[in-house]
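Asker: Predicted structure and sequence below. I'll ask about it afterward.
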Amino acid sequence: VLGLNAVSDGLNVVLPEAAVKLAGDLRDRGYKPFPIDLSELLKGGGSVKCCTQELRP
């Protein structure tokens, strides 16, 4: 489910909703998981990280 293809700001973690065990493990370690439905994006081989853009100075 590409669970490790997640995005975090150091506390909040956006990850695929299918990564249930990973979300639980993150919660147990003090993070706030935000699972989202990526079923259509996963069909094309993408995940959360594919929906981001890095901003650099």
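Answerer: Received the coordinates, thanks.
Asker: Now do the contacts for A19.
Answerer: 1-3, 6, 35 (C-beta atoms under 8 Å, 6 or more residues apart in numbering). For the C-beta atoms, the positions are set from N, CA and C on the backbone; glycine is no exception.
Asker: just the helices in the chain please.
Answerer: Residue ranges of the helices in the chain, as given by DSSP state H, are 20-28, 39-43.
Asker: highest average neighbour count across these?
Answerer: The highest average neighbour count among these, using mean count of other C-beta atoms under 10 Å, belongs to helix 20-28 at a mean of 14.
Asker: and that one, what other elements does it pack with?
Answerer: Packing partners of helix 20-28 (3 or more C-beta pairs under 8 Å, 6 or more residues apart in numbering; DSSP states H and E): strand 12-16, strand 32-36.
Asker: Name the nearest residue to the residue positioned nearest the centre of the chain, sequence neighbours excluded.
Answerer: In the chain, the C-alpha nearest the mean C-alpha coordinate belongs to L15, at 1.7 Å (C-alpha atoms, centre = their mean). Closest residue to L15 apart from its sequence neighbours, by C-beta to C-beta, 6 or more residues apart in numbering: A6 at 4.0 Å.
Asker: Equivalent analysis for T52, please.
Answerer: Excluding the flanking residues, the one nearest T52 by C-beta to C-beta, 6+ apart is V7, at 5.5 Å.
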